[in-house]
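Colleague: test case, fold it:
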Amino acid sequence: MGAGAGCGRRQLFLRSLLFLLLAGPPAPRPAGGQLRYAVPEELEHGAFVANLGEDLGLDVATLSARRFRIVSRAGARQHLEVNLENGILFVNERIDREEVCEAGGTCLLHLQLLVESPLELYRVEVEVLDINDHAPTFPWQEYVLEVAESAVLGARFPLESAQDPDVGTNSVHTYRLSPNAFFSLEVQTRSDASKFAELVLERALDREQQRAHRVLLTALDGGVPERSGTAHILVTVLDANDNVPAFDQPSYGVSLPEDAPAGTLVIQLNATDLDEGPNGEIEYSFSGHAPPRVRELFHIEPRSGQVLLKGRLDYERASLHELYVQAKDRGPSAVAVHCRVLVHLLDVNDNAPEVTLTSVSTPVLEDAPPGTVIAVISVLDRDSGDNGRVSCEVGPDVPFELRSSFRNYYTLVTTQALDREVVSEYNVSITARDMGSPALLTRSTLTVPVSDVNDNAPRFLQPSYSVYVMENNAPGASICSVSALDPDCQQNAYLSYSIADGHIHGMPVGTYVSINSDSGHMYALRSLDYEQIRSFQIQVQAQDAGFPPLSANVTVHIFVLDQNDNAPVIVSPMPRNGSVATELVPRSAGPGYLVGTVSAVDADAGLNSRLSYQLLQATDFTLFSLAPDTGELRTLRSFLEQDATRQRLVVQVRDGGQPALSATVSLLLSVVETMPQTLSDFSEFSLPPEASSSSPVTLYLLVSLGSISFTFLLAILILTAIRCRGEHRSHQGDGCSPPRCHCCPGSRPSSDGLKTSNLTAQPPTGTTAATCLDVPGGGPPGYCYKVCLGPESAQSDFMFLKPCSPPRNNEKDPGKRSQPGQHLQVSKQIKQPNTDWLPPSMQRPALKRYQIHHCWNRGSGWKGGHGDGEVISSTVLN
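Modeller: This next block holds a predicted model:
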């Protein structure tokens, strides 16, 4: 069995080779702008068909990179394939022409060739040539033909046709009959060029001489080599039945829609027989040479002659069916007569268009220019005429359109620029509609994703950020977070945050704050001090990871909030001999007498710097009162005889912070009958009304003192003006005039006065310097004073300095001689912070600004002592 099959394959191969040698090489033939090749059937796998790379003018080296391929419908068998290494079209699997093309005629394989980058589409037709691989065969190996002995000479008897699946010259070409004395053979040709044989009576039959005749019928095809098939015919001679049936006409034609249901009456045949009885009863049937396909589709009622539809018609498979019907009576020696019925099928729009996506290039970049090819679409409708003409369109509101490239081939292209941030994916509905009535349509949806391009810069959620940080924060603490959005996706939307280079008070911004590059959280790198820096701003940049990267900047304003971390500092009165300030109060002072003003400063701001004064301890609380806002110390009543001559007070200065901080100072007030000529540096320079009215001597003393003081004051002013001019020249290089304390003539400036003060000497700016007068000579000691307005007082306060006396000459120890009178003015400007940025609930009424001036006189003390003279004064700045 295996040897026979191998021998058969070798014979087939030799026949194919002979066919190729006779037909020549399959050269490409243009057909309507496309290539056509011819290839015989039954070639082995790998057989050469054509060199497509050369015929199409393609670079063979780029076929693989450009994805050169054959596009076929889903489920279709791939008979041919392309070798991407050399561009040769070869046989992929055995081609059986009789299987591929059931109907006769030219058998074509339609190939669609697709190559990308750029997208190109070619159409190739490969004609499958028939080879003589089938021998004719008869339906029966032996055929019985009944012929009446009365049959006239020349009577014809159609014989069963042989079937050969091959076509053309390879199909049944002729018939031969074995030699005999009674019958001859005539070969007839049908409308489809097929052949059938008829047995012709050449000599009268005589049943009594010979009851049967046996002949051999041979069918031969036209192939090379020739093939044949045989069947035995047994002719039985019957008794005479001298009338035969007759049809109305020899040929009938009928039209039938292809969608006619089973059981439909195709035609009513009618044949008549003049005989009576069984010899006149007619039976209808298909002739022996009716094709098997006809027997599957149609059925004949034997007695009525009705031809009925049995199977399902398909115009696209065969548009014409040829039926051969015979009629014969039921008498002995019945003779059959024949007719032909041509059934023409009418096409019905029963096939919806088929939409096939042959190539899809997705996703598409959002910056793809209009006209970019997205997909190649093929549309097929198996109907004919208007039913097979198809129009194709895309759905509305999509930036795509269809362009026709070849017949029933379209390319889907973009019509405008895409934006992934608006629409990230399109569902393109493709509708194919034929021209039939009613029209049939097919919808197919193509999903086209849009890939992202870095075309959007990051955008911060706020145009700027304001951050409030409490001072004395812990280093490394998070202070705020900035956030930006990027409508792009994936890498193009990944943001990193950074701080732009800059300086804050001469220091790099990176020493103050840092930022997490991924989250945008910002951290303070150092503890902030409201008294050193109150606000600053930085630039934060958000940059995506796209190519090229895009970025955006935002300004972050950082405001430092004050914390009550500075206790009040008492600047007046200054304690002496430890922590006690001593002052003199005349016994004659009446109620409301201003003993002095306690002044303090607080480096904080806002409520934290709002000071209140309180009298904590007193020898007699009924004798003195302290203004809580201004710190003015006044008498509540007149002094009595039993009142102690030394009054000790403890004053507390408290700020408004939470928790509140405070400072205290102890005052020792000495009640004297008569005030000395040197005025207290803590009390108001005034005399009781009783003294001015009761003693004329005191009045004279005051007039004399005033005259002398005025004379020496005038002299000192002149000397001071000359000295100021000299000092002004010495400070012109600084662009400013340093403050001075106008001291007694001959005194030298010194910084020794700072040794007794806990304040830092700094030049006042924009304020009037305190005036310090030192009156030399044998008269009363000089006074250093300043007239100023208290913070909450409605009257001018006369601030008093201790006497500024000339140096003593009778010092026993030259090494410990007192220094000449020295004066140093120390000022400190207290400026309230700007609270405009705070919410209204946190703002407080503006406080007055003061400039505190200190002037020390270090030298020979009053009454021969070595004490220090000091002036503390406040200047209202606003």
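
Colleague: give me the contact list for stretch 625-633.
Modeller: The contact list for stretch 625-633 (CB atoms under 8 Å, 6 or more residues apart in numbering) reads 594-600, 611-615, 624, 634-636, 649, 651, 653, 667, 790-793. Yep, even glycine has a C-beta here, placed from its N, CA and C like the rest.

Colleague: kindly give a single PyMOL line that selects the buried subset of those residues.
Modeller: Those of the contacts of stretch 625-633 that count as buried under 16 or more other CB atoms under 10 Å are selected in PyMOL with:
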select buried, resi 594+595+596+597+598+599+600+611+612+613+615+624+634+635+649+651+653+667+790+791+793
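
Colleague: just the ones of the contacts of stretch 625-633 in strands?
Modeller: Taking DSSP state E, the ones among the contacts of stretch 625-633 that sit in strands are 594-597, 599-600, 611-615, 624, 634-635, 649, 651, 653, 667.

Colleague: residues contacting residue 114?
Modeller: By CB under 8 Å, 6+ apart, residue 114 lies in contact with 67-71, 120-122, 358-359, 376.

Colleague: count of neighbours near residue 289?
Modeller: Look at residue 289: counted by other CB atoms under 10 Å, it has 21 neighbours.

Colleague: that one against residue 196, yeah?
Modeller: Yes. The pair residue 289 / residue 196 is scored as a contact, 4.7 Å apart, by CB atoms under 8 Å.

Colleague: shared neighbours of the two, anything?
Modeller: With CB under 8 Å, 6+ apart, residue 289 and residue 196 have common neighbours 158-159, 161.

Colleague: out of these, which comes closest to residue 343?
Modeller: For the shared contacts of residue 289 and residue 196, the minimum distance to residue 343 (CB to CB) is 18.6 Å, reached by residue 161.

Colleague: so that closest one, which state does it fall into?
Modeller: coil (DSSP: H, G, I helix; E, B strand; the rest coil).

Colleague: show me what contacts it?
Modeller: Applying CB under 8 Å, 6+ apart to residue 161 gives the contacts 138, 172, 194-197, 288-289.

Colleague: just the residues you listed: which are in helices?
Modeller: Of those, none are assigned to helices by DSSP state H.

Colleague: so which of these are in strands?
Modeller: Counted as lying in strands by DSSP E, out of these, are 172, 195-197.

Colleague: just the closest of these to residue 248, please.
Modeller: residue 196 (22.9 Å).

Colleague: that closest one is in contact with residue 159, isn't it?
Modeller: Yes. The pair residue 196 and residue 159 passes the contact test of CB under 8 Å, sitting 7.2 Å apart.

Colleague: pull up the overlap in contacts between those two.
Modeller: residue 289.

Colleague: residue 176 versus residue 199, what's the distance?
Modeller: From residue 199 across to residue 176, the span is 12 Å (CB to CB, to the nearest Å).

Colleague: quick one: residue 704 is in a strand?
Modeller: No. Going by three-state DSSP, the assignment for residue 704 is helix, not a strand.

Colleague: what about it, distance to residue 588?
Modeller: Taking CB to CB, one finds residue 704 at 21 Å from residue 588.

Colleague: compare those two (neighbour count), which wins?
Modeller: Using other CB under 10 Å as the criterion, residue 704 and residue 588 rank with residue 588 on top: 20 against 12.

Colleague: surely the more buried one is within a helix?
Modeller: No. Going by three-state DSSP, the assignment for residue 588 is coil, not a helix.

Colleague: do you know the pLDDT at it?
Modeller: In the prediction, the pLDDT value recorded for residue 588 is 88.

Colleague: check the one 4 residues further on too.
Modeller: According to the model's per-residue confidence, residue 592 sits at a pLDDT of 91.

Colleague: for it, which non-adjacent residue is closest in space?
Modeller: residue 634 (5.6 Å; CB to CB, 6 or more residues apart in numbering).

Colleague: show me the contacts for that neighbour.
Modeller: Counted by CB under 8 Å, 6+ apart, residue 634 has contacts 592-595, 624-625, 627.

Colleague: and with 7 Å instead?
Modeller: Residues in contact with residue 634 (CB atoms under 7 Å, 6 or more residues apart in numbering) are 592-595, 625.

Colleague: can you give me the strands for the stretch 351-500 of the chain?
Modeller: 354-360, 364-365, 373-380, 390-394, 400-404, 409-414, 425-434, 441-451, 459-460, 464-470, 478-481, 484-485, 495-499 (DSSP state E, counting those that start in this stretch).

Colleague: quick one: strands adjacent to the longest one?
Modeller: It refers to strand 441-451. strand 364-365 (parallel), strand 425-434 (antiparallel) (DSSP bridges).

Colleague: most tightly packed of those strands?
Modeller: strand 425-434 (a mean of 18; mean count of other CB atoms under 10 Å).

Colleague: quick check: angle from that strand to strand 354-360?
Modeller: 140 degrees (axes from the mean of the first three to the mean of the last three CA atoms, to 10 degrees).

Colleague: ok so, going back, next, format the shared contacts of residue 289 and residue 196 as CSV and append distance to residue 482 and pLDDT.
Modeller: Formatted as CSV, the shared contacts of residue 289 and residue 196 follow (distance: CB to CB, whole Å; pLDDT from 0 to 100):
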residue, distance to residue 482, pLDDT
158, 100, 87
159, 100, 86
161, 93, 85
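
Colleague: ok, so of those, who is nearest residue 560?
Modeller: Distance ranking of the shared contacts of residue 289 and residue 196 against residue 560, using CB to CB, places residue 161 first at 111.7 Å.

Colleague: the closest one and residue 180: what is the separation?
Modeller: 21 Å.

Colleague: my guess is residue 281 meets residue 327, correct?
Modeller: No. Using CB atoms under 7 Å, residue 281 makes no contact with residue 327, being 10.7 Å away.

Colleague: those two - which one has more neighbours?
Modeller: residue 327 (26 against 16).

Colleague: and the strand or helix carrying that one, what does it pack onto?
Modeller: For residue 327, the host element (DSSP states H and E) is strand 320-329. Helices and strands touching strand 320-329, by 3 or more CB pairs under 7 Å, 6 or more residues apart in numbering; DSSP states H and E, are strand 282-286, helix 292-297, strand 337-346.
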